[in-house]
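J.: Just to be clear, the model below is a prediction. Sequence and coordinates:
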Amino acid sequence: MYLGFVVDKGLLGNDPHFSEGCSYCHQGNDQEKDKEKAHKGLIKRPSDNLALCGRCHEGIANNYKMALHFTTVGQKEGLKARLSREELKIYDEKVFAKSCNSCHASCGDCHVKSPVISGVNLGLIQRHKFVRTDEGKTCALCHGGRVYPEFVGEYGGNADVHYQKGMMCLNCHRKEELHGDGRKLSSRKDGTMKPTCFTCHNLTKSSEKSKVAHMKHENKVSCHACHSAGEYRNCYNCHLGEGSQAKPGFILGRSPRDGKLTTLRVIPTVRDTFKKAGIVMENFDALPNYWDTAPHNIRKRTDRTRSCDSCHREGKYFLKKENLIPEGSRVNEKLIYELKRAVP
Amino acid sequence: MIIIQLPKLKEAHVKSTLKIAIVLLILLASGLLYASLQDSGCVRCHTDEAVMKRLFKPPLSSVSAEGEG
């Protein structure tokens, strides 16, 4: 792991980022030979101060101030409706500032050094080279619980077909989406630059069977509902300071956002998640425990694309009243999708 | 002819000398900067694998072992 702190000497004379010397960004004392003295006042994450990068990259830094990876307000906005006004104040002070917002990403987390996850620190991405992208050492760390392992096939089943074709995160999630456009967003779903399948895929070369299937399900069923290859990670029972338990599952139901049939993922917030902070979530039932999700395990052919029976006769994977999570939100029932059954 | 062209030659000569001087100054400055970077305590340790191996302290293990998203 020490290699993560070794700098490539060859970069120093060639990359303008180093032209002002180390202490320009990191402070500390670059004349000292003793480690402790040299590190006194050291700033480990200089790019937390966006103005520093903004001296040259002004436009990006200004936009990024509002980007969800930096503000992490998505975590707060996704919960807000469950809390009373008083509880929101407590949440802001005791939970959001100390917990949720502590794992935001600043410029360096994607361009210089892998983010530290649970004390594991891979260190510099390419010996302090300022890289454009290196998803396996950046995105993969923070998104290593669900999205990335699904994408590369480490969570059982096959890897996402896009990964197998050599694509990585930034091939679909454009830098403009990640840097933001300066608008304040409350959820990644609000972004106008999020990826869609239709950017690359159309039906011009598809078979007649495929065209008919797509036409029949258009605007009623999400792409993932049919093309997600299999089980993905669902997290249950999260409690402040203790974390949650995860298990694989595949759930089809009504999207709480647009009502389409889609893949749903269990979110780990339960009634007593924030009990330790004195928050009982007075309006817990305002939001469901399942949210629409885009599992990153896409395949052209799945058991749902092979046969209509999988859904229309067997009703496989569908959320049903009897398998709703116990003690869950009362609105969970609204996500049960009443399917048109095939006539036997 | 020679008397008329002399000032022009001089001006051109001064301009090219200036250009060379500026280039030399930039090279000198970047050389000095590179040299000063090489001299800094940060660079001395952080570019030496053996030193970093000796100084590195492994982190204490934590409860959770995965990213969240």
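T.: Great, that's in hand.
J.: Any regions of chain B where pLDDT drops low?
T.: The model of chain B has pLDDT under 70 over residues B:1-10, B:26-39, B:61-69.
J.: Run through the helices of it in chain order.
T.: Using DSSP state H, the helices of chain B run over B:2-39, B:41-46, B:49-55.
J.: Which single residue of the stretch 201-344 of chain A ends up nearest chain B?
T.: As assessed by Cβ to the nearest Cβ, chain B sits closest to A:Gly243 within the stretch 201-344 of chain A, at 5.3 Å. The way it works is simple: take the backbone N, C-alpha and C, and place the C-beta from them, glycine included.
J.: Then the stretch 101-250 of chain A?
T.: Nearest residue of the stretch 101-250 of chain A to chain B, counting by Cβ to the nearest Cβ: A:Gly144, 3.4 Å away.
J.: Is that residue within a helix or a strand, and which one?
T.: A:Gly144 is part of no helix or strand, with elements assigned from DSSP states H and E.
J.: Regarding A:Asp109, what is its secondary structure?
T.: What DSSP: H, G, I helix; E, B strand; the rest coil gives for A:Asp109 is helix.
J.: returning to what we had before: partners of the residue of the stretch 201-344 of chain A closest to chain B in the sheet?
T.: Beta bridges link A:Gly243 to A:His239, judged by DSSP bridges.
J.: Let me know the pLDDT of it.
T.: Among the per-residue scores, A:Gly243 holds a pLDDT of 86.
J.: How many residues are close by it?
T.: A count of nearby residues for A:Gly243, using other Cβ atoms under 10 Å in any protein chain shown, gives 16.
J.: Check what pLDDT the closest residue in space to A:Ala105 that isn't next to it in sequence gets.
T.: Nearest non-adjacent residue to A:Ala105, counting by Cβ to Cβ, 6 or more residues apart in numbering or on different chains: A:His69, 4.4 Å away. Per-residue confidence (pLDDT) for A:His69: 96.
J.: Isn't A:His69 up against A:Glu177?
T.: No: with contact taken as Cβ atoms under 8 Å, A:His69 and A:Glu177 are classed as non-touching, separated by 10.0 Å.
J.: low-scoring pLDDT stretches of chain A, where are they?
T.: Scanning chain A for pLDDT under 70 picks out the ranges A:342-344.
J.: In stretch A:85-101, which residues are buried?
T.: Under the neighbour-count criterion of 16 or more other Cβ atoms under 10 Å in any protein chain shown, stretch A:85-101 has A:Glu87, A:Leu88, A:Ile90, A:Tyr91, A:Lys94, A:Val95, A:Phe96, A:Cys100, A:Asn101 buried.
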